[in-house]
Every structure is written in C-alpha cells, then in structure tokens.
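S.K.: Build me a model from this:
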Amino acid sequence: MAENRISIELTTEMVEEVRQLVAQIEEKLPFLLSLTQDERASFPKLHRENEIFVEETIRAAEQHDAVLPDYIDVAEMKRDLELYQQLGRVMLRLNRLHEKVNDTIHIAGAEALATALVTNNMFQIAAKMGVDGMDRVSSDLMNYFNNEEQDQ
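M.R.: Predicted coordinates for the structure are as follows:
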C-alpha cells in the first residue's frame, strides 16, 4: 500500500472552533460582495500593469485636480485602490490556506479510497475462497462503488 501521508483526528470541537474563526473573519469584513458570473465579467479587471496606471492617474489627478470635473472623486478612487491592495494581501494568505486545506482533503480522501479498494479486494478474495457472507459484502460494496462512478 502507498505511504500514509496523513493520520489526524480532528475533534468536533476543533472543527467548530475553526468554523467560528472563519465566521469571525467574515464578520470583520461585512462589506464583502458576492457577484454573479455575468456581473464579474461585466467589470474591468485590475491587474499589476493597470494597477500602476491607476496609481499614476491618482498622482496626476491630485496634482492637477483643477481640470477635473466635480463628479470624479479622486479620494474614492484612492480608497478603492487601497482596499484592492489590502484585500489582495489578505487573499494571498487565504489562498495559501485554501490550497493547503484542499490538498489535505485530497490526500485524506485518496488514502481512504485506496484502503477501501484494497479492503474490498480482500473481501473479493475471501468470497472466492468460500468464506461465508463475503460474496454479499463484496457485491454490496461494489454496488456502492459502481453507483459513485456513474454519478460522476
């Protein structure tokens, strides 16, 4: 069998504590938005190259505000850029955490499935050897496995 890369038991309390910590993060950021895919696609996307453009535009606007109409709110543009940059730093940490959680879920699931497959092979061998009840156990397990494969 493959190397067992993870063997951890999370208590219900630990899981709940982590969920509460995530809820605390959400409470600290009550202004976060949820966009539909269409909404997301309808807005221009800021990236490093045009972030510099925005920064330079803010600098120029602050130096030459006399030529700008009143409806251009340079202070709001500056606040939006600062929020973008601050949340970007938060997102980097969250993305790293998300990736680690995802990878750990992947390994834990892979190890459970690999062991279940080997275990079922043992049941199949036991059934072929005539061990009482093993044909039923193996058949039932294969039905679960086959149903899962069809659902995907």
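S.K.: shaky segments in the protein?
M.R.: For the chain, residues meeting the criterion pLDDT under 70 lie at 1-2, 148-152.
S.K.: hey, which helix is longest across it?
M.R.: Longest helix of the chain, by residue count under DSSP state H: helix 74-128.
S.K.: so what does it touch, helix or strand wise?
M.R.: Applying 3 or more Cβ pairs under 8 Å, 6 or more residues apart in numbering; DSSP states H and E, one finds that helix 74-128 contacts helix 48-63, helix 134-151. The C-beta positions use only the backbone N, C-alpha and C, and glycine is treated the same way.
S.K.: What angle do helix 48-63 and it make with each other?
M.R.: Angle of helix 74-128 versus helix 48-63, following axes from the mean of the first three to the mean of the last three Cα atoms, to 10 degrees, is 160 degrees.
S.K.: So what angle separates the directions of helix 74-128 and helix 134-151?
M.R.: Using the same axes, to 10 degrees: helix 74-128 against helix 134-151 is 150 degrees.
S.K.: Stretch 105-117: how far from the chain's middle?
M.R.: 19 Å (Cα atoms, centre = their mean, to the nearest Å).
S.K.: now residue 118: how far from residue 77?
M.R.: 60 Å (Cβ to Cβ, to the nearest Å).
S.K.: For the two, indicate the residue with more neighbours.
M.R.: residue 77 (14 against 11; other Cβ atoms under 10 Å).
S.K.: For the spatially closest residue to that one that is not a sequence neighbour, give me its contacts.
M.R.: Leaving aside its sequence neighbours, residue 77 sits nearest to residue 58 (Cβ to Cβ, 6 or more residues apart in numbering; 6.0 Å). Residue 58 is in contact with 74, 77-78, 81, counting by Cβ atoms under 8 Å, 6 or more residues apart in numbering.
S.K.: State the distance from the spatially most central residue of the chain to residue 22.
M.R.: Residue closest to the mean C-alpha point of the chain, counted by Cα atoms, centre = their mean, is residue 98 at 4.6 Å. Going from residue 98 to residue 22 by Cβ to Cβ gives 11 Å.
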